[in-house]
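K.L.:
Can you look at this prediction? I've put the sequence above it.
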Amino acid sequence: MSNVHVVDHPLVQHKLTLMRKRDASTSTFRRLLNELASLMAYEVTRDMPTQAVQIETPLETMTARVIDGKKLVFVSILRAGTGLLDGMLAVVPGARVGHVGLYRDPATLQPVEYYFKMPQEMGERDVVVLDPMLATGNSAAAAITRLKTLKPRSIKFVCLLTCPEGVAALQKAHPDVPIYTAAIDRQLNDHGYILPGLGDAGDRIFGTK
């Protein structure tokens, strides 16, 4: 798991614990996810390229470093990936946004694509794929396979929770894609849910269950 980065900052772990609770309300879950996504964004963007620019401080001219947020694309795997998006954009508001629509066939647990929309000139951009849960790994692998046809400069995958099965599946399909997560839970159950997990992230974000 050398390509897996567990963001174990105390604030991240604290907010994750509160989100796991069964009695956390929809608004509380959504707020915590937004805050947690912003915290994780700092780790995910740690190696973002910067360029030197000349600026005027109140006292003198200096050369300082800036990022080019427009070269970064946050790709949300619908629908639950939307829950991570605002927190990431709060840190890098200049980033572009792409969407991949996938649903999991309940019988086969395989992903079915229904929507795909990306910014132009993807070959010049760095991509961060967002999905709160990396469970079977099938949806993430399918989304990344589709993204690779556009030949972006780099791809990272960010999730709130994963498990050994999900990590293994994504690493087998895309060993070159780093995984950033707040926790690696014990296992999947027979229905493809992470244990102990936090339930269905999409349902908890949108209050649909």
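P.N.:
Everything's here; your move.
K.L.:
Let me see the contact set for residue 13.
P.N.:
Neighbouring residues of residue 13 by CB atoms under 8 Å, 6 or more residues apart in numbering: 182, 183. (C-beta placed from N, C-alpha, C; glycine too.)
K.L.:
Check whether it sits in a helix, strand or coil.
P.N.:
helix (DSSP: H, G, I helix; E, B strand; the rest coil).
K.L.:
can you name the farthest residue from the center of the chain?
P.N.:
Residue farthest from the centre of the chain, counting by CA atoms, centre = their mean, is residue 59 at 40.3 Å.
K.L.:
Number of residues surrounding the nearest residue to residue 206 once chain neighbours are set aside?
P.N.:
Distances taken as CB to CB, 6 or more residues apart in numbering place residue 79 nearest to residue 206, at 7.1 Å, with adjacent residues excluded. By the criterion of other CB atoms under 10 Å, residue 79 has 18 neighbours.
K.L.:
State the pLDDT value of residue 79.
P.N.:
At residue 79, the pLDDT value in this model is 84.
K.L.:
Could you double-check that it sits in contact with residue 202?
P.N.:
Yes: with contact defined as CB atoms under 8 Å, residue 79 counts as touching residue 202 (5.2 Å).
K.L.:
All the strands of this protein, residue numbers only.
P.N.:
Using DSSP state E, the strands of the chain run over 4-6, 50-56, 61-67, 72-78, 96-104, 111-117, 126-130, 133-134, 154-162, 179-184, 187-188, 194-195.
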